[in-house]
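Asks: structure, please.
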Amino acid sequence: MKAAMWYGVRDIQVRDVSEPTVQPGMVKIKVKWCGICGTDLHEYLAGPIFLPDEPHPLTGEKVPVILGHEFSGEVVKIGEGVTKVDVGDRVTVEPILACGRCRACQKGYYNLCEQLGFHGLSGGGGGFSEMTTVHERWVHKIPDSMTLQEGALVEPAAVALHAVRRSQLKPGDNCIVFGAGSIGLLVIQAAKISGASNIIAVEIAEQRRALAKQMGADFTLDPMKDQVQDTVNDLLNGGADVCFEVTGVEPALNSAIECTEVDGQVVIVSIWEKPALIRPNDLVMKEREIRGSLAYRNIFPSVIKLITDGTFKVEGLVTKEIPIHNINEAFEELANNKEQIKIMVQPG
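Replies: This is a model prediction of the structure:
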């Protein structure tokens, strides 16, 4: 079968690999759609970051590995003991690899596992392949009313909703989202769902700012042209209760801190290619706080329901569909063309 594998920076190769066999407790899925994630793009441009350059403790694999963790498909075979799904079910996958034994896992924080990995980043297969196998724990059935392309967008929507749930945002609070890529646009929606008012999107690309308005932003700012902090002070009478940083860019992080209200909060959602410098006094003097948000936990069923009932509007995020053999061109386009939001790959 065909699979797209990471070999190095700007070096993804579509190879013929063996089709995976089904072990007890495992589910074999024929992948229909797999989205290119911002994390995939980070790995393409500057990896390995999450990718294991030494054998991963949960898979025993190291690069080159199959990429792709935002995917959906159809169950084609189930292993011994599987009861959660059956052949023919349409599913999406929560692509977590967790040990189940460490302190974080025992507390239920499986997304913070000491040996955390991701299907499609850490070995064990991935969504950029015609077939893949995952443990039944991580497989979620989707209703007939949900398209398989929407099913592949459950994962990024889960990232966004988890970030908002991790924040101190309350109904009626003001918030700012720095970055209006796919995750930023979904954070805007998640904040709106959670009752935020006066949502501001800060984004360089004009088309993404327009989409941010469609997704629920009340105001948009271009940091290359607008005086962001002064405008925020005017619009929000001092600053936002919560700022979400979804860019992975140092100036945006510092701007998020500056735009946060006294006793407010900055939530870092992005994955960083390199360290960033901040001014600690900008936190201390206003008693602001920073917290991180990683992936998701115990949230996929809620996201599936929100997409199904139309509360989470994900269909507008897909800007291109490609066959797997065009995947390198798609990564380059995402890196260089900010009009692209979510490119969907069809492995078959």
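Asks: can you give me the helices in this structure?
Replies: For the chain, helices defined by DSSP state H occupy the ranges 38-46, 103-106, 148-152, 154-166, 182-193, 206-215, 228-236, 250-258, 280-284, 300-308, 327-336.
Asks: how about TSV for those helices, with mean pLDDT and mean neighbour count added?
Replies: (C-beta placed from N, C-alpha, C; glycine too.) Below are the helices of the chain laid out as TSV (pLDDT from 0 to 100; neighbours: other Cβ atoms under 10 Å):
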stretch	mean pLDDT	mean neighbour count
helix 38-46	93	21
helix 103-106	98	14
helix 148-152	97	23
helix 154-166	98	25
helix 182-193	97	27
helix 206-215	95	18
helix 228-236	93	16
helix 250-258	97	20
helix 280-284	97	11
helix 300-308	97	19
helix 327-336	95	17
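Asks: can you list those helices in CSV and add distance to residue 30?
Replies: Compiled in CSV, the helices of the chain are given as follows (distance: least, Cβ to Cβ, whole Å):
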stretch, distance to residue 30
helix 38-46, 21
helix 103-106, 30
helix 148-152, 10
helix 154-166, 17
helix 182-193, 24
helix 206-215, 31
helix 228-236, 46
helix 250-258, 39
helix 280-284, 49
helix 300-308, 20
helix 327-336, 18
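Asks: looking at those helices, which is closest to residue 315?
Replies: Nearest to residue 315 among the helices of the chain is helix 148-152 (6.6 Å), distances taken as Cβ to Cβ.
Asks: from the rest of the structure, what touches that closest one?
Replies: 32-35, 70-74, 90-92, 127, 142, 307, 314-315, 318, 344 (Cβ atoms under 8 Å, 6 or more residues apart in numbering).
Asks: domain parsing of the chain, as residue ranges.
Replies: Using automatic domain parsing, the domain parsing of the chain gives 2-153+314-346, 158-292.
Asks: mind checking how far the first one is from the chain centre?
Replies: Pointing back at domain 2-153+314-346 there. Domain 2-153+314-346 sits 12 Å away from the centroid of its parent chain (Cα atoms, centre = their mean, to the nearest Å).
Asks: how long is that domain end to end?
Replies: 11 Å (Cα to Cα, to the nearest Å).
Asks: returning to what we had before: which one of the domains of the chain lies closest to residue 303?
Replies: domain 158-292 (4.8 Å).
Asks: can you get me a residue count around the closest residue to residue 232 other than its chain neighbours?
Replies: Distance criterion Cβ to Cβ, 6 or more residues apart in numbering; nearest residue to residue 232, sequence neighbours excluded, is residue 259 at 4.6 Å. Residues near residue 259, counting by other Cβ atoms under 10 Å, number 24.
Asks: distance of residue 259 relative to residue 168?
Replies: Between residue 259 and residue 168 the distance is 16 Å, computed by Cβ to Cβ, to the nearest Å.
Asks: swap in residue 261?
Replies: Taking Cβ to Cβ, one finds residue 261 at 11 Å from residue 168.
Asks: in terms of neighbours, single out the busier of these two.
Replies: More crowded of residue 261 and residue 168, by other Cβ under 10 Å: residue 261, with 19 against 13.
Asks: how close does the nearest residue in space to the more buried one that is not next to it in sequence get to residue 37?
Replies: Leaving aside its sequence neighbours, residue 261 sits nearest to residue 239 (Cβ to Cβ, 6+ apart; 3.7 Å). Distance of residue 239 to residue 37, given as Cβ to Cβ: 31 Å.
Asks: quick one: residues contacting residue 99.
Replies: 57, 58, 105, 113, 114, 115.
Asks: can you get me a residue count around the nearest residue to it once chain neighbours are set aside?
Replies: Nearest residue to residue 99, sequence neighbours excluded (Cβ to Cβ, 6+ apart): residue 115, at 4.7 Å. Residue 115: 17 surrounding residues under other Cβ under 10 Å.
Asks: I figured residue 115 hits residue 98, correct?
Replies: Yes: at 7.4 Å, residue 115 counts as touching residue 98 under the criterion of Cβ atoms under 8 Å.
Asks: what residues do the two have in common as contacts?
Replies: Contact with both residue 115 and residue 98 is made by residues residue 58, according to Cβ under 8 Å, 6+ apart.
Asks: give me every residue that touches the residue lying closest to residue 74 once chain neighbours are set aside.
Replies: Leaving aside its chain neighbours, residue 74 sits nearest to residue 30 (5.0 Å; criterion: Cβ to Cβ, 6+ apart). Shown in contact with residue 30 (Cβ under 8 Å, 6+ apart): 73, 74, 75, 76, 130, 131, 348.
Asks: need the contact list for the residue lying closest to the third one once chain neighbours are set aside.
Replies: Sequence neighbours aside, residue 89 is the residue nearest to residue 75 in space, at 4.6 Å (criterion: Cβ to Cβ, 6+ apart). Under the criterion of Cβ under 8 Å, 6+ apart, the neighbours of residue 89 are 74, 75, 141.
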